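**Student:** The sequence isn't on hand, but the structure is:
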């Protein structure tokens, strides 16, 4: 029996594994920033939905978006949009699908200019807290930093990158540790 106390995820093995093994931890850093791009896209698709919904569809998303290879997704055309719109394994939202494709193109353009998505977002991450928050009620939905990162991303052609989405991304990839007090991981997550 699993007796770990978690911020979220207890009661669902997939969600518990995500909490214990992924949330709040840095993603692998590669030249194409594939893992960061995946997280950005999935956070955008999550808007208005639960993260568990997205987690349950993540494998289908990975297949549909060619492993979140930004160069491959940037080549998607109208036929690919229609293919994705008919894929019942993913969230079928045309605006989010076209944003994911546009964001791959924006990421490649950023790389062509010598800039990295991770660095842009990390540059706006908040300073570490002195102690874990007491509850999720103590956490902001957005911060000045996530608003600034959102604005910078939009200026670079990204979409579905509002400040709340960007703050959730910062949490997910360990740029901010929002495990709450009492959670077995509170205060232990490595920062990027």
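**Tutor:** Nice, thanks for sending it over. The shown structure was predicted, so the numbers you read here are calculated from the model rather than taken from an experiment.

**Student:** Quick check, residue 161 in contact with residue 154.
**Tutor:** Yes - shown here, residue 161 and residue 154 form a contact pair, counting by Cβ atoms under 8 Å, at 6.3 Å. Backbone N, C-alpha and C define where each C-beta goes, glycine included.

**Student:** between those two, which one's more packed in?
**Tutor:** residue 161 (25 against 14; other Cβ atoms under 10 Å).

**Student:** Spatially central, which residue of this structure would that be?
**Tutor:** Residue closest to the mean C-alpha point of the chain, counted by Cα atoms, centre = their mean, is residue 39 at 3.1 Å.

**Student:** Give the helix, strand or coil label for it.
**Tutor:** helix (DSSP: H, G, I helix; E, B strand; the rest coil).

**Student:** Buried residues, the helix or strand where residue 63 lies. List them.
**Tutor:** Under the criterion of DSSP states H and E, residue 63 resides in helix 51-64. Of all the residues in helix 51-64, those buried under the rule 16 or more other Cβ atoms under 10 Å are 51, 54-55, 57-58, 61, 64.

**Student:** now stretch 67-79
**Tutor:** Here stretch 67-79 shows 68, 70, 73-74, 76 as buried, counting by 16+ other Cβ under 10 Å.

**Student:** ok, so of those residues, who is nearest residue 10?
**Tutor:** Nearest to residue 10, judged by Cβ to Cβ, of the buried residues of stretch 67-79 is residue 68 at 28.3 Å.

**Student:** Roughly how far does the residue lying closest to that closest one once chain neighbours are set aside sit from residue 55?
**Tutor:** Nearest residue to residue 68 in three dimensions, chain neighbours excluded: residue 38, at 3.8 Å (Cβ to Cβ, 6 or more residues apart in numbering). Residue 38 sits 12 Å away from residue 55 when distances are taken as Cβ to Cβ, to the nearest Å.

**Student:** picking that back up, ok, the buried residues of stretch 67-79 vs residue 118, which is closest?
**Tutor:** When the buried residues of stretch 67-79 are compared against residue 118 (criterion: Cβ to Cβ), the nearest one is residue 70, at 12.7 Å.

**Student:** tally of neighbours for residue 44?
**Tutor:** 26.

**Student:** if I pick it, what's in contact with it?
**Tutor:** For residue 44, the contacting residues are 96, 99-100, 103, 159-161, 165, by Cβ atoms under 8 Å, 6 or more residues apart in numbering.

**Student:** How about it: what's its closest non-neighbour residue?
**Tutor:** Using Cβ to Cβ, 6+ apart, the nearest residue to residue 44 is residue 160, at 3.4 Å.

**Student:** How about residue 138?
**Tutor:** Computed as Cβ to Cβ, 6+ apart, the closest residue to residue 138 that is not its neighbour in sequence is residue 180, at 7.6 Å.

**Student:** Ok, residue 175 next?
**Tutor:** residue 125 (3.9 Å).

**Student:** Starting from residue 167, give me the distance back to the one you found.
**Tutor:** Distance of residue 125 to residue 167, computed by Cβ to Cβ: 10 Å.
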